[in-house]
Every structure is written in C-alpha cells, then in structure tokens.
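Asks: with the input below, show me the fold.
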Amino acid sequence: NISLTIKLAEKIVNKLFDKQEIYIPEYKKIYKNVIDRYHKNPNKYGIDSYNYKLLSGRVINENKVKIGYLSGTFDLFHIGHLNLLKKAKEQCDYLIVGVHPNANHKNKKTFISFEERKAIVGSIKYVDKVVQSCTEDSEAWKYWHYNKLFVGSDYKGSERFKKYEKYFADKNVEIVYFPYTKGTSSTQLRSLILDKISEKNKLSL
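Replies: Here you go, the predicted structure:
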C-alpha cells in the first residue's frame, strides 16, 4: 500500500533539499540505542546481531550458489576436455578449474606451456575461474570451498579418493564421478605426435 509511505517519502525528500547529511526515520525511538551499542562495542554488537538472527531462523548457512571444481593438465586441448567442462558446468552455478603446471604426476611432459593451457581453459564459456591446481584437490577446497568435485570414474575406489570421500564427508561436498567416454584423448594425440617425431628423426638419419 503505497499510501502508507507517502508521509515518510515527503520527510526524506525535505531532508534531502535541506542538505541534511544523515536522516534516520524514528531515530530516537528505535535506532539511537542500537547505534550507541554498535559504537560502544562493534565486535560484540556483530556477534549479538548474528546470534539473534540465527535464533529467529533468518540465517541460512548453506551456500545457495553451487560451486564446482575440477583439475587437470589440459594439454593438447580437445573435444573430450570440452565435453568434460560442459558436463561439469551443467551441475553447478560457478565452475573453477585447476590447471596442473606440469604432468610430472604422470611421468610425462606437456607439449603446451602452463600459461597457454590456462589461457585456453579460461577462454571456454563453461569456465568461470581458472587457477593453478593444488597438489591435492582436498587442499584446493581450503581456498575455494566448492560444493562439488568432478573427476573421472576411473579414480573411483582408489585409495586416494577413498581418503577424499572421508575428508569431505562433513564438508557438504559431493564427489561426482564422470564415466570415461571413448573418443579423442590426450594420450592418443600424444602417441601420434611422438610417433611422428620418431619417424622424422629416423628419416633425418
């Protein structure tokens, strides 16, 4: 009912034209004591205010925005990578992707530099943020507090991910295992490139 706010609106407009810097309706009746308590002890006021809202059921600690996280090397970017990012984004509101600085964990070397791989992944429309990956995905949670961790199904049941499942049990994190899909893979591309290099070296001899 707009008519109920007309008098208050007129007061606000009049105060504006009077160039009054601070105008708080019903200041002495309601807000003076609140502001005095805040100035006296801001920390205690904040805690008391939070607890009051908590008891009255007005505080929802659950993050409404679902954050997803996945990590990978993303060397020789191909359609499999793109589909992975697309599927992950479909299950979260904000997707963070950690790019490995190298492939030492797989005893391999990357063909594309770290910064270029980050730039490629960061340009994909499904990715909201690209970062350097941590050694462990559980460590990355300390920085990003994601709600979903996306990983290939071939890791399910491994000792590493059994530890992850225990670690995330009380942190409201779901581990989503994507099934491995046949098609183009970095391993295939790597093998083709290495074969071509080997053939070229033989011909040069």
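Asks: every contact and neighbour count from this point should use C-alpha atoms.
Replies: Will do.
Asks: which residues in the protein form strands?
Replies: 67-72, 94-99, 129-132, 148-152, 174-178 (DSSP state E).
Asks: want to try JSON lines for the ones you listed, with distance to T110 as columns?
Replies: Formatted as JSON lines, the strands of the chain follow (distance: least, Cα to Cα, whole Å):
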{"stretch": "strand 67-72", "distance to T110": "12"}
{"stretch": "strand 94-99", "distance to T110": "12"}
{"stretch": "strand 129-132", "distance to T110": "15"}
{"stretch": "strand 148-152", "distance to T110": "20"}
{"stretch": "strand 174-178", "distance to T110": "24"}
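Asks: could those go into JSON lines alongside mean pLDDT?
Replies: Listed next are those as JSON lines, based on pLDDT from 0 to 100:
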{"stretch": "strand 67-72", "mean pLDDT": "96"}
{"stretch": "strand 94-99", "mean pLDDT": "96"}
{"stretch": "strand 129-132", "mean pLDDT": "96"}
{"stretch": "strand 148-152", "mean pLDDT": "95"}
{"stretch": "strand 174-178", "mean pLDDT": "95"}
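Asks: with distance to V121 and mean neighbour count as extra columns, can I get these in CSV?
Replies: What follows is the strands of the chain, written out as CSV (distance: least, Cα to Cα, whole Å; neighbours: other Cα atoms under 10 Å):
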stretch, distance to V121, mean neighbour count
strand 67-72, 10, 23
strand 94-99, 8, 23
strand 129-132, 7, 17
strand 148-152, 16, 20
strand 174-178, 19, 16
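Asks: how about those strands, which one is nearest K19?
Replies: Closest to K19 of the strands of the chain, according to Cα to Cα: strand 94-99, at 43.6 Å.
Asks: tell me what angle that closest one forms with strand 67-72.
Replies: With axes from the mean of the first three to the mean of the last three Cα atoms, to 10 degrees defining the directions, strand 94-99 sits at 20 degrees from strand 67-72.
Asks: export strand 94-99 to PDB, keeping only CA atoms.
Replies: Provided in PDB are the C-alpha atoms of strand 94-99 (Å, rounded to 0.1, in the frame of the first residue of the first chain):
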ATOM      1  CA  TYR A  94      30.100 -21.400 -10.800                       C
ATOM      2  CA  LEU A  95      32.900 -23.600 -12.100                       C
ATOM      3  CA  ILE A  96      36.500 -23.300 -11.000                       C
ATOM      4  CA  VAL A  97      39.100 -25.300 -13.000                       C
ATOM      5  CA  GLY A  98      42.600 -26.000 -11.600                       C
ATOM      6  CA  VAL A  99      45.300 -26.500 -14.300                       C
END
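Asks: oh, and call the first residue 829 from now on, that's how I've got it
Replies: Happy to do that; since the first residue is 829 now, the last one works out to strand 922-927.
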